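> sequence and predicted structure, then a few things I'm wondering about:
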Amino acid sequence: MLTKITHVFFDIGTTLIDETECYNHRIREVIAGTDISFEQFTEKRIFFQKQNLKGDLEAIKFFGLKKTPWNKEEEKLYPETVEILRYLYEKGYLIGVIANQSLGTEKRLENWGIRKYFISVTASAEEGIAKPDPEIFLRALKRSGGIAENSVMIGDRLDNDIAPAKALGIKTVWIKQGFSAYCSPTCTKEQPDHTILNLMELKKLL
């Protein structure tokens, strides 16, 4: 159990939001007109992901392909997202977002029907800084009235979510969803306080 926690911060992509179809769309587009199969690309993506690299981008470079635009319209909530946010909100936790996102994060949260659960939204495009820069975490703490030792960061990236939050004294929960499941901590600073496989497991911690 996580004790003395007052503030709960979430990443967005592959944490609250399922980006599977966005990645699949990108793969189909980047390999279009080549003899590279979807399976070949995915295999190489997993290979790089196991090295704790951004698998899709590294695979694109490996095959000499060109990155295509991100299709935001294919992002969707994980089935458990609303339930866990409602659970935490009703238990009295102050919930925030710390995420690397393009402009318009609050509008997207509104469109998904979950903006009402968050006391603060701190997103890279609006802030002009991005994770793993510690400043974005510090801004989120200040904006929400939280302090590090009473806060927890939940995210899928060891490099962007776990390591920088832990360095500031924020508790950490690594959610192994999507391709992050192929990663593994390489040093003490990347070792999360807790690891979960889906959002509902947060009920055991909070």
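Nice, thanks for sending it over.
> which residue comes closest to I147 once chain neighbours are left out?
Leaving aside its sequence neighbours, I147 sits nearest to L141 (C-beta to C-beta, 6 or more residues apart in numbering; 6.6 Å). (Glycine included, C-beta is placed from N, CA and C.)
> doesn't A148 make contact with the one you found?
Yes: at 6.5 Å, L141 and A148 qualify as touching, with contact defined as C-beta atoms under 8 Å.
> who's more crowded, the two?
Taking neighbours as other C-beta atoms under 10 Å, L141 and A148 compare with L141 leading, 22 against 18.
> about what we covered before: who's in contact with the helix or strand containing the residue nearest to I147?
Assigned by DSSP states H and E, L141 belongs to helix 134-144. Contacting residues not belonging to helix 134-144 are listed as 7, 9, 94, 96-98, 119-120, 122, 124, 127, 129-131, 146-148, 151, 153, 164-165, 167-168, 170 [C-beta atoms under 8 Å, 6 or more residues apart in numbering].
> please flag which of those sit within strands.
H7, F9, L94, G96, V97, I98, I119, S120, T122, S151, M153 (DSSP state E).
> of those residues, which is the most crowded?
Of all the ones in strands among the contacts of helix 134-144, the most densely surrounded is I98 (31 neighbours; neighbours counted as other C-beta under 10 Å).
> how much space between it and L197?
Distance of I98 to L197, computed by C-beta to C-beta, to the nearest Å: 21 Å.
> could you do I12 as well?
In this view, I12 and L197 are 18 Å apart by C-beta to C-beta.
> the two: who's more crowded?
Neighbours were counted for I12 and for L197 using other C-beta under 10 Å; I12 has more, 22 against 11.
> tell me the pLDDT of the closest residue to the more buried one other than its chain neighbours.
Spatially, and ignoring its direct neighbours in sequence, I12 is nearest to A99 (4.1 Å; C-beta to C-beta, 6+ apart). On pLDDT, A99 comes in at 98.
> who does A99 bridge with?
Beta bridges link A99 to A123 when assigned by DSSP bridges.
> tally of neighbours for it?
27.
> P69 now?
Neighbours of P69 (other C-beta under 10 Å): 8.
> okay, it and A32: tell me how far apart.
Distance, P69 to A32, by C-beta to C-beta: 14 Å.
> same check on K67?
Per C-beta to C-beta, K67 is found 13 Å from A32.
> just checking, H194 touches K176?
No: the pair H194 / K176 is not scored as a contact, 11.2 Å apart, by C-beta under 8 Å.
> hey, where'd the strands end up in the chain?
Under the criterion DSSP E, the chain contains strands at 7-10, 17-18, 76-77, 94-99, 118-123, 151-155, 171-175, 194-196.
> using JSON lines, lay out those together with distance to D56.
Compiled in JSON lines, the strands of the chain are given as follows (distance: least, C-beta to C-beta, whole Å):
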{"stretch": "strand 7-10", "distance to D56": "22"}
{"stretch": "strand 17-18", "distance to D56": "15"}
{"stretch": "strand 76-77", "distance to D56": "18"}
{"stretch": "strand 94-99", "distance to D56": "18"}
{"stretch": "strand 118-123", "distance to D56": "21"}
{"stretch": "strand 151-155", "distance to D56": "18"}
{"stretch": "strand 171-175", "distance to D56": "19"}
{"stretch": "strand 194-196", "distance to D56": "23"}
